[in-house]
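In: Starting from these lines, generate the structure:
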Amino acid sequence: RSAVTCMENTKDIILRKERENFTKSNFLISCKYKSSLLENKLMVISLSRADELKKDPENGILYQQIKVSEIKKELGCNGGSFYSNLANAAESMTSKSIGVFDPENKMFDYMSIIIRAHCEKGIFTIEYNPRIAENIKQNFTSLPKKIMLSFRSVYAFRIYEVLRSKCYYGKKDIKTDNDVFEIPFLLSELKLQIGVVNSNLDKVRDILNKSKNPDYDYAVEASPEKVLEKWSEFKRKALDPSINEINEKTDMEVSYDTERSGRGGKVHKIIFYVKYKAITEAALDGTDTKPELTQEQKDEIVDIVSDLIEEPVKTKDI
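Out: The predicted model follows:
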C-alpha cells in the first residue's frame, strides 16, 4: 500500500512539473486571429492539462472538463462577473476557424478548433474538433505557463508566444548573432498576427485567402475597423507597452528596429532582437522594484498627456 501511495505521489509531482510548461502547436501560434486575453489564458490552462483530455467513444470528440473554481484560482479572479466573461470567451472561442486555401489548385480546407464550450454545475467543458490533431501533430513550442498567465496585455501575450516560437537554435530562416535572434515582421502582418486588425472580418479574410502569399498591407487597409492605424498610435498603445511587459516579467529581453519605405517614409517593417535571460520570481510576480523613469521617458509622458488634455497644464503638474 505504501509503495502504491509513493507511486501516486510521484505521478502527481511529475504532472505538476509538466504543467509548469505546456506545448502549443506552431501552426496555431502562427494563425492570424483576434482574441481576448481571457480566451488565450483559457487555452493555456486547457493545454497545460492535456493529460486530462478524454475521447467520447460514440463520436470521437475530444473533450476536457475543468472546475470553474480551479480556473478562477489559476487566473486570480474573484469578481462576481466572471461567469459572464467566461460565457463571452466561450462564444468567441467557438466562432473561430483555421484553414488553408489554394486558389491555383482550387482547394480549401477550413475547420473549427473548438466546436463547443459550455458550463454547468460549476464545470467548464471544452470540446475540441477531433480532426484538429491530424493537422497539428508536429512542430510544437514549449511555453511557460506561469508567464503566460501573468500577462496583462493580450498583445504582449501574442507577441511573446510568436517570438518564442521562432527563437530556437537551428531554425534556418532566423539569424543569430551572439545568441541574439533577429526576427523581421512586416508591420501589417504583425497587426494581423496579434489581433490589432481582425482577420475574421469578411473583407480582410477575402484578401488573405486569395493566395498563399497574400498582400498584408492591402488586407489591413481594407479592414472596416480602423484600430491603431498610425504607427505612433500602434507604437505607443500596443508595441512599446508589450515589449516593456515582456522584458519585465519573462525570460526574454526584446528590442526592435524599424524600416521605412514609400512616400513619406512610413514604417513598414519591424525587426525584433531577442535574447534569453534568467528570470526571478519577483519579476514574474510583479514585486520587483521599478526603476526611476529616465528623462526621455518623462518627456514622452508629458507629450502624451499634453495631447490628451485640452486645458493648458504645466509640465511639473503633469
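In: The spatially most central residue of the chain sits in which helix or strand?
Out: The residue lying closest to the centre of the chain (C-alpha atoms, centre = their mean) is Arg158, at 2.4 Å. Per DSSP states H and E, Arg158 falls inside helix 154-166.
In: State the helix or strand in which Glu182 lies.
Out: Glu182 belongs to strand 180-186, assigned by DSSP H and E.
In: Mind listing the strands that strand pairs with, and their directions?
Out: As defined by DSSP bridges, the strand partners of strand 180-186 come to strand 175-177 (antiparallel), strand 266-276 (antiparallel).
In: Show the average pLDDT along the next helix or strand after that strand.
Out: Next along the chain after strand 180-186, taking DSSP H and E as the criterion, comes helix 187-194. Per-residue pLDDT values over helix 187-194 give a mean of 95.
In: Same check on stretch 53-72?
Out: Here the average pLDDT along stretch 53-72 is 91.
In: How far does that stretch sit from its chain's centre?
Out: With C-alpha atoms, centre = their mean, to the nearest Å as the basis, stretch 53-72 stands 23 Å off its chain's centre.
In: Give the buried residues for it.
Out: Buried residues in stretch 53-72, defined by neighbour count with 16 or more other C-beta atoms under 10 Å: 62-64, 66, 68, 71. (C-beta placed from N, C-alpha, C; glycine too.)
In: Max pairwise distance over those residues: which two?
Out: By the measure C-beta to C-beta, Leu62 and Val68 form the most distant pair in the buried residues of stretch 53-72, at 20.1 Å.
In: So which residues of the stretch 1-150 of the chain form helices?
Out: 2-20, 26-30, 37-47, 68-75, 82-93, 132-135, 145-150 (DSSP state H, counting those that start in this stretch).
In: With the stretch 201-318 of the chain instead?
Out: 202-208, 216-222, 231-234, 240-249, 281-285, 295-308.
In: circling back to that earlier point, so the strand holding Glu182 versus helix 187-194, what angle?
Out: In terms of direction (axes from the mean of the first three to the mean of the last three C-alpha atoms, to 10 degrees), strand 180-186 departs from helix 187-194 by 100 degrees.
In: For strand 180-186, output the C-alpha coordinates as PDB.
Out: C-alpha atoms of strand 180-186 as PDB (Å, rounded to 0.1, in the frame of the first residue of the first chain):
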ATOM      1  CA  VAL A 180      20.600  37.300 -30.200                       C
ATOM      2  CA  PHE A 181      17.800  36.200 -32.500                       C
ATOM      3  CA  GLU A 182      16.800  38.600 -35.300                       C
ATOM      4  CA  ILE A 183      13.200  38.300 -36.400                       C
ATOM      5  CA  PRO A 184      11.700  40.500 -39.100                       C
ATOM      6  CA  PHE A 185       7.900  41.200 -39.400                       C
ATOM      7  CA  LEU A 186       6.000  43.300 -41.800                       C
END
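In: Can you tell me what sits against that strand?
Out: 163, 166-167, 174-176, 193, 216-217, 268-275 (C-beta atoms under 8 Å, 6 or more residues apart in numbering).
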